[in-house]
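Asker: prediction below, plus the sequence it came from.
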Amino acid sequence: MTNGSFILKIKKVFGAHEWADKTANCINGCKHDCRYCYSKEMAIRFKRKTPDTWKIEEVRNNQTEKNFSKKSGSFMFPSSHDIHPDHLKENIRFLRKLLSSGNHILIVTKPHLVCIKAICENFERKKNQILFRFTIGSADDAVLKFWEPGAPEYNERLESLKYAFTQGFETSISCEPMLDNHIENVINDTRDYVTDAIWIGKANFLLRRLKMNGYTDEESIKHAEQLIKWQSDIRIIKLYTAYKNDKKIKWKESIKKVVGIDLLTQRGLDI
């Protein structure tokens, strides 16, 4: 309170809530075991998992069996794990619960083709409630394998995008985090199969997350320092300048702050 008046601090929106009002998950842990993972960091910080047990997925039966009412806005699913073939059945059961009430779902995944085919087949009649967002941070398999050791290779992700597109589903791409300095390769390969947008974002709090997630070895730190250099303000401004007029490109909070775009104050606008 200043001079008898209240100062209202407006909370800025970032992370998953740039894209969706709400998040939904049905598994603890993730087999993809990405080095930079925020959810892994949180699980370790609050002693729900360790660096070694994070990749052991545990189905949350209380979530897969619950019923959901219709909510305004949209759900992002999943936000703290991924959709892996080993638990595809449980993920589909959970999705069915969400969709049957009329909810709109943003499905965010590093896609396994078998999973995307199954989701498209099971929910063909619900496609107007689904927007896929496939995470692809590099077109280089060596880069993907280093940062996302349990996740699919580039061609499988690209084929998953093409499949969902040809089946008539709404599609988008998340290049957050960008994992090298050649994100234009991903943009060029995917744009013709994207109905919505290609999102670009930096790797956030990279060194801190690597340390918490158990990656303190020399190789990990070297790769992280290189990635941080690639995502310097000068390089980000150059990237933004190259694509700022491209209607298919959208920018995550980490880039908006660098180039001077106002941050959102309302959840789930996906803009």
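Answerer: Cool, got the structure. Residues are numbered from 1 along each chain as shown.
Asker: list the helices and strands the strand or helix carrying Ile105 packs on?
Answerer: In this assignment (DSSP states H and E), Ile105 forms part of strand 104-109. Applying 3 or more Cβ pairs under 8 Å, 6 or more residues apart in numbering; DSSP states H and E, we find strand 104-109 packed against strand 74-77, helix 88-100, helix 113-122, strand 130-135. The way it works is simple: take the backbone N, C-alpha and C, and place the C-beta from them, glycine included.
Asker: and the first one, how far out from the chain's middle?
Answerer: Chain-centre distance of strand 74-77: 11 Å, with Cα atoms, centre = their mean, to the nearest Å.
Asker: still on that earlier bit, export the helices and strands packed on strand 104-109 to a markdown table and tack on mean pLDDT, distance to Glu153 and mean neighbour count?
Answerer: Converted to a markdown table, the helices and strands packed on strand 104-109 look like this (pLDDT from 0 to 100; distance: least, Cβ to Cβ, whole Å; neighbours: other Cβ atoms under 10 Å):
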| stretch | mean pLDDT | distance to Glu153 | mean neighbour count |
| --- | --- | --- | --- |
| strand 74-77 | 97 | 23 | 23 |
| helix 88-100 | 97 | 18 | 19 |
| helix 113-122 | 98 | 11 | 18 |
| strand 130-135 | 98 | 13 | 23 |
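Asker: TSV for these, including distance to Leu227?
Answerer: Shown next, in TSV, are the helices and strands packed on strand 104-109 (distance: least, Cβ to Cβ, whole Å):
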stretch	distance to Leu227
strand 74-77	25
helix 88-100	30
helix 113-122	27
strand 130-135	16
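Asker: can I have the strand holding Ile105 written out in CSV, keeping just the CAs?
Answerer: What follows is strand 104-109, C-alpha atoms only, in CSV (Å, rounded to 0.1, in the frame of the first residue of the first chain):
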residue,chain,number,x,y,z
HIS,A,104,-10.6,-29.4,-25.2
ILE,A,105,-7.2,-31.0,-24.9
LEU,A,106,-3.7,-29.8,-26.0
ILE,A,107,-1.7,-33.1,-26.3
VAL,A,108,1.9,-32.2,-25.8
THR,A,109,4.4,-35.1,-26.5
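Asker: the chain: helices as residue ranges?
Answerer: 38-45, 61-64, 88-100, 113-122, 141-147, 154-166, 183-190, 206-212, 218-230, 233-243, 253-259 (DSSP state H).
Asker: right, and the ones you listed - which one's nearest Met76?
Answerer: Ranking these by proximity to Met76 (Cβ to Cβ) places helix 88-100 first, at 10.8 Å.
Asker: one step back: out of the helices of the chain, the one nearest Lys22 is which?
Answerer: Proximity to Lys22 (Cβ to Cβ) singles out helix 88-100 among those, at 10.0 Å.
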